[in-house]
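Peer 1: Okay, sequence plus prediction incoming.
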2 protein chains.
Amino acid sequence: MSETVYELEQEFLAYVKRKEALNEALNLVYWDIRTGIPKKGATARSLVIEVLAEDIFKLEVSEEMAAFIAALTPHKDELNEVSRKTLEECSRLYERNKKIPAKEFAAYSKLVADAETVWGEARAQNDFSKFASYLTDIVAMKRKFIEYWGYDANKYDTLLDQYEPGMTVEILDNVFNKLRTGITDLRQKMKQGVTPDAAPLKVNLAKEIQKTFSERVLKKMGFDFEAGRLDDTIHPFAIGLNRGDVRITTRYDEANFKMAVFGIIHEGGHAIYEQNFDPKLAGTPLSEGASMGIHESQSLFYEIILGSSFAFWKSNYKDLALLSKPAFDDVSLEDFYRATNISESSLIRIEADILTYPLHIMIRYELEKALMNGELEVADLQEAWADKYESYLGIRPEKDSEGVLQDIHWAGGDFGYFPSYALGLIYASQFFHTMKQEIPNLDQVIASDDYTEIREWLTKNVHQYGKLKKPLEILQDTTGESLNPDYLLDLLKERYAFVYKLES
Amino acid sequence: MSETVYELEQEFLAYVKRKEALNEALNLVYWDIRTGIPKKGATARSLVIEVLAEDIFKLEVSEEMAAFIAALTPHKDELNEVSRKTLEECSRLYERNKKIPAKEFAAYSKLVADAETVWGEARAQNDFSKFASYLTDIVAMKRKFIEYWGYDANKYDTLLDQYEPGMTVEILDNVFNKLRTGITDLRQKMKQGVTPDAAPLKVNLAKEIQKTFSERVLKKMGFDFEAGRLDDTIHPFAIGLNRGDVRITTRYDEANFKMAVFGIIHEGGHAIYEQNFDPKLAGTPLSEGASMGIHESQSLFYEIILGSSFAFWKSNYKDLALLSKPAFDDVSLEDFYRATNISESSLIRIEADILTYPLHIMIRYELEKALMNGELEVADLQEAWADKYESYLGIRPEKDSEGVLQDIHWAGGDFGYFPSYALGLIYASQFFHTMKQEIPNLDQVIASDDYTEIREWLTKNVHQYGKLKKPLEILQDTTGESLNPDYLLDLLKERYAFVYKLES
């Protein structure tokens, strides 16, 4: 590498580092708004968000950035891996942003900002018609953007790729079909089984008990409290400021301890991912999850694969029962465990159990795909939504707030995002399958007080890479397979056979 | 005003608003670092500070800013008051920054950053010689900067003016001399009095008791918890993000409740000031305290004038005693009150009582003045410091950490700052004198459970103006007088006559 290329590379990295620093400030503002901002401070704070977001955007599409890309791309192969992938990521963002005319992008930003407000009002009033015209405009603009960005096999692929690089409709159609059939068959079989009694969960647990228990679990999982913190909020989330400062939040309901306990395990999985990025990625856009789906695979691994397994509760139930005395004095481990895994059709995605959850996602996926390909119009969306729920889950929403208006995603223009949730579950099951082969006594580890081996396995195969690898690359390198829903289906079959006492 | 001037004014205000938004983000980063940042997140966060501070600085000295100043200044009189004063403030900052060659300013920034680290080490090792060469360089650069900035009567005036616009050596020499004589005479007299027994303060109070009590006092003072919050920290401070979000922090010592209780009242005074800026100043550099001294006048008004008065404890001691039961069961109000007001010579400024505190300030003021005017060199500073302490307070430091190394200010290049602390006390006493005339039953208000009248008086005369008025303008408009230490002396005489049972 010539002296000049080296110097340019260093300048480029310094430039990118400044951008990441502004991003860190912006994330702190977000965290603060959702945890502790005084009521009267919030209005002015929204300008702070606006200014930081604009400054970050400017750095992404500046002439300086264009010059870096133009000068360094011909020397890509001379750069080290981190610089090269950083350059690729910056080019990808630059191209994506530059292809949309500035005026149209500004109009779009304004539209989604307004739409989110209107969506909130429409949902509160259970009236989709109030929101429909906004959604129509958003869909029209998204369709136009797809034309600007370009597409190959399917227009929706272009959107999928933004959240899940490399993912396509072809892959998803195939995988979701298999999954849907498998889940539907299992649900059919479960009708013959024994539905667990939900009574063991109907206890009141003080916030302090829930918190103490969850913090112990977090520590066992490998969450580093010197590199993160846990706070209260209304809508739980995880946010990484830098790998030494990854924050999670939760909400406590004394009448429903499941919410906070599983919520903390879930967000903890996100946080442990970010705490274990390779330090060499710091200050670059690679210091992020590989994709939304891979990020979700880490939270769901901890929440569903590990934290909802019988082996996990073998050791942890004792601790919870002791802390909660006498709430669980008369509840056996098995009854407790079966109660936490009840499955039933429901209308609200975020309240769904893990067996029905993928069906909620498939419904959204199919509607989005049809909308983007012009096979469905917003005018027919409400009906199409209800029909899908009836066909997949056997229930039909009676109110828009329980139907088409329940999620904020479309109001924000986030088409292509939903599949990541289901993909996370599929990835996690595939990782678990390989992990079992590589850690032969895995069940004993899960039933023990020390999950170090698990965390280390995840770091070695997933965490450390951040955005250095694409999602399907991580999957292939780790499991030797491409996307495959069979392992998730196997896990669901095994778990629900136990919970619903199915005959094999 | 012509259409063009109006448009330019709007552009200028929008530009300034962006700068203030970045400042708000920076302040949030500072708050977070000092309250809750996870240990491992701090190193990366320092880059965030650097980037934000640089971006703010760039906006202050940009060509765009120069163009605004050049184009709007000729039309100053056509602008409304807020725009005009904003322009003046921006010009002042622009001039100050532009007069220093960029290279020298960068060298200076690096020097003070290094010097603060070295100061910390030198203080820990009680070894001024380790720090002396850094201080010598800082003094040399400050002297050079004064030449760049220019000066009139006294070189030190230039530095004073940066913290306390309009303040001069001529004014201060006169006021401090009077104050010193008055304090020295009073201290002499007190030797004939009865020193209070400190025993009532030697109780252990749980953090929760201290917090509950202090929060009640804060509420009575007028601190708006919907526009602020109170958190734990190591070094207490107040920080305003915007007028709807002003945060204070404190440290609790169960063996010394005075620290947190009076600390919270003090920081609460700062916060109430910022919560009551006129909303029309939001998003401009006028949404700040008029000066360091005026800011301190508000914290000290609440801590010293109100919170250390007998009338205040008449109503509040009952509440504290009840919360702390049985700690104060055998302590009378008068004994409690006298114990909280013991005065004695001490070496450490921040631990000094209110009677000796101004002497600590005068010592620093005189040393700084001599250093900046070339009448004292760093080589002789240690000795000069000790001599002054001996002459003013009758005690001589034996360790550098208790002497010349105790404060961080000089390591940070902050010459000209110290006088503000004493000025705050003088201003506060002058405000109090006028307040007594305008609220005739003031003593009863202080002894009551409702301080609304006091807070409203301060808002009307001080808070609302932010930086719209200069400190001496606020003083003159409110009290009809210029700087006058007599009211502080009167207050001290009256208070210590009571506390030390002096014969009149």
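Peer 2: Yep, it's here. Every value quoted in this text rests on a predicted model; they were computed, and no experiment measured them.
Peer 1: and chain A, which residues reach chain B?
Peer 2: A:17-18, A:21-22, A:24-26, A:28-29, A:32, A:36-45, A:47-48, A:50-52, A:55, A:224-229, A:241-245, A:282-283 (CB under 8 Å from any CB of the partner chain). For the C-beta atoms, the positions are set from N, CA and C on the backbone; glycine is no exception.
Peer 1: Strands of the stretch 351-500 of chain A, residue ranges please.
Peer 2: Here the stretch 351-500 of chain A has no strands by DSSP state E, counting those that start in this stretch.
Peer 1: How about the secondary structure of A:Arg229?
Peer 2: strand (DSSP: H, G, I helix; E, B strand; the rest coil).
Peer 1: And for A:Ile49?
Peer 2: From three-state DSSP, the assignment for A:Ile49 is helix.
Peer 1: So it is in contact with A:Val29, correct?
Peer 2: Yes - using CB atoms under 8 Å, A:Ile49 is in contact with A:Val29, at 5.8 Å.
Peer 1: how about the residue in the stretch 201-350 of chain A that chain B sits nearest to, phi and psi?
Peer 2: The nearest approach of the stretch 201-350 of chain A to chain B comes at A:Asp245, 2.6 Å away (CB to the nearest CB). Main-chain torsions, A:Asp245, degrees, to the nearest 10: phi -150, psi 80.
Peer 1: How confident is the prediction for it, by pLDDT?
Peer 2: A:Asp245 carries a pLDDT value of 98.
Peer 1: How many neighbouring residues does it have?
Peer 2: Counted with other CB atoms under 10 Å in any protein chain shown, the neighbours of A:Asp245 add up to 29.
Peer 1: Tell me the bridge partners for it.
Peer 2: A:Asn242 (DSSP bridges).
Peer 1: gap between it and A:Gln464?
Peer 2: 18 Å (CB to CB, to the nearest Å).
Peer 1: Give me the nearest residue to the residue in the stretch 51-200 of chain A positioned nearest to chain B, chain neighbours excluded.
Peer 2: Closest contact between the stretch 51-200 of chain A and chain B, by CB to the nearest CB, is at A:Val51 (4.1 Å). In space, and not counting its chain neighbours, A:Val51 is closest to B:Ala21: 4.1 Å by CB to CB, 6 or more residues apart in numbering or on different chains.
Peer 1: The one you found against A:Ser46, yeah?
Peer 2: No - between B:Ala21 and A:Ser46 there is no contact under CB under 8 Å: 9.7 Å.
Peer 1: more crowded one of those two?
Peer 2: A direct count of neighbours by other CB under 10 Å for B:Ala21 and A:Ser46 places B:Ala21 higher, at 24 against 13.
Peer 1: Does the more buried one lie in a helix or a strand, and which?
Peer 2: helix B:3-35 (DSSP states H and E).
Peer 1: what distance separates that helix from the centre of its chain?
Peer 2: 23 Å (CA atoms, centre = their mean, to the nearest Å).
Peer 1: buried sites along it?
Peer 2: Across helix B:3-35, burial judged by 16 or more other CB atoms under 10 Å in any protein chain shown covers B:8-9, B:12-13, B:16, B:18-29, B:31-35.
Peer 1: can you list contacts of stretch A:137-157?
Peer 2: Residues outside stretch A:137-157 that contact it (CB atoms under 8 Å, 6 or more residues apart in numbering or on different chains) are A:96, A:99-101, A:104, A:107-108, A:111-112, A:115, A:158-159, A:167-170, A:368-369, A:371-374, A:378, A:410-411, A:413, A:415-416.
Peer 1: How about stretch A:233-242?
Peer 2: A:24, A:27-28, A:30-31, A:34-35, A:246-251, A:263-264, A:266-268, A:270-271, A:274-275, A:282, A:287-288, A:299, B:41, B:44-45.
Peer 1: What of stretch A:354-367?
Peer 2: A:172, A:176, A:179-180, A:183, A:186-187, A:304, A:308, A:343-346, A:349, A:352, A:376, A:381, A:384-385, A:388-389, A:392-393, A:407, A:418-419, A:421-422, A:425, A:492, A:496.
Peer 1: export it as PDB, just CAs?
Peer 2: Written as PDB, here are the backbone C-alpha positions of stretch A:354-367 (Å, rounded to 0.1, in the frame of the first residue of the first chain):
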ATOM      1  CA  ILE A 354     -43.600 -18.300  20.600                       C
ATOM      2  CA  LEU A 355     -45.600 -20.900  18.700                       C
ATOM      3  CA  THR A 356     -48.100 -18.500  17.200                       C
ATOM      4  CA  TYR A 357     -45.700 -15.600  16.900                       C
ATOM      5  CA  PRO A 358     -44.300 -16.600  13.500                       C
ATOM      6  CA  LEU A 359     -47.800 -16.700  12.000                       C
ATOM      7  CA  HIS A 360     -48.300 -13.000  13.000                       C
ATOM      8  CA  ILE A 361     -45.100 -12.300  11.100                       C
ATOM      9  CA  MET A 362     -46.000 -14.200   8.000                       C
ATOM     10  CA  ILE A 363     -49.300 -12.300   7.800                       C
ATOM     11  CA  ARG A 364     -47.400  -9.000   7.800                       C
ATOM     12  CA  TYR A 365     -44.800 -10.300   5.400                       C
ATOM     13  CA  GLU A 366     -47.400 -11.400   2.900                       C
ATOM     14  CA  LEU A 367     -49.300  -8.100   3.100                       C
END
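Peer 1: A:Ser343 contacts A:Lys191, correct?
Peer 2: No - here A:Ser343 does not reach A:Lys191: they are 11.2 Å apart, not a contact under CB under 8 Å.
Peer 1: And the two? Which one has more around it.
Peer 2: A:Ser343 (22 against 8).
Peer 1: hang on, the earlier thing: list the helices and strands the helix holding B:Ala21 packs on?
Peer 2: Contact here means 3 or more CB pairs under 8 Å, 6 or more residues apart in numbering or on different chains; DSSP states H and E; on that basis helix B:3-35 packs against helix A:3-35, helix A:42-61, helix B:42-61, helix B:63-72, helix B:81-98, strand B:238-242, strand B:245-250.
Peer 1: so can I have JSON lines of these showing distance to B:Lys436?
Peer 2: Shown next, in JSON lines, are the helices and strands packed on helix B:3-35 (distance: least, CB to CB, whole Å):
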{"stretch": "helix A:3-35", "distance to B:Lys436": "41"}
{"stretch": "helix A:42-61", "distance to B:Lys436": "36"}
{"stretch": "helix B:42-61", "distance to B:Lys436": "42"}
{"stretch": "helix B:63-72", "distance to B:Lys436": "43"}
{"stretch": "helix B:81-98", "distance to B:Lys436": "31"}
{"stretch": "strand B:238-242", "distance to B:Lys436": "26"}
{"stretch": "strand B:245-250", "distance to B:Lys436": "27"}
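Peer 1: Of these, give the one that comes closest to B:Thr479.
Peer 2: helix B:81-98 (22.0 Å; CB to CB).
Peer 1: which element follows that closest one toward the C-terminus?
Peer 2: Next element after helix B:81-98 (DSSP H and E): helix B:102-124.
Peer 1: Mind listing what's buried along that following helix?
Peer 2: B:Phe105, B:Tyr108, B:Leu111, B:Val112, B:Ala115, B:Trp119, B:Ala122, B:Arg123.
Peer 1: One more: stretch A:453-462?
Peer 2: Buried residues in stretch A:453-462 (16+ other CB under 10 Å): A:Glu453, A:Ile454, A:Arg455, A:Trp457, A:Leu458, A:Thr459, A:Asn461, A:Val462.
Peer 1: Including pLDDT, could the residues you listed go into CSV?
Peer 2: Shown next, in CSV, are these (pLDDT from 0 to 100):
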residue, pLDDT
A:Glu453, 97
A:Ile454, 98
A:Arg455, 98
A:Trp457, 98
A:Leu458, 98
A:Thr459, 98
A:Asn461, 98
A:Val462, 98
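Peer 1: Filter these down to the ones in helices?
Peer 2: A:Glu453, A:Ile454, A:Arg455, A:Trp457, A:Leu458, A:Thr459, A:Asn461 (DSSP state H).
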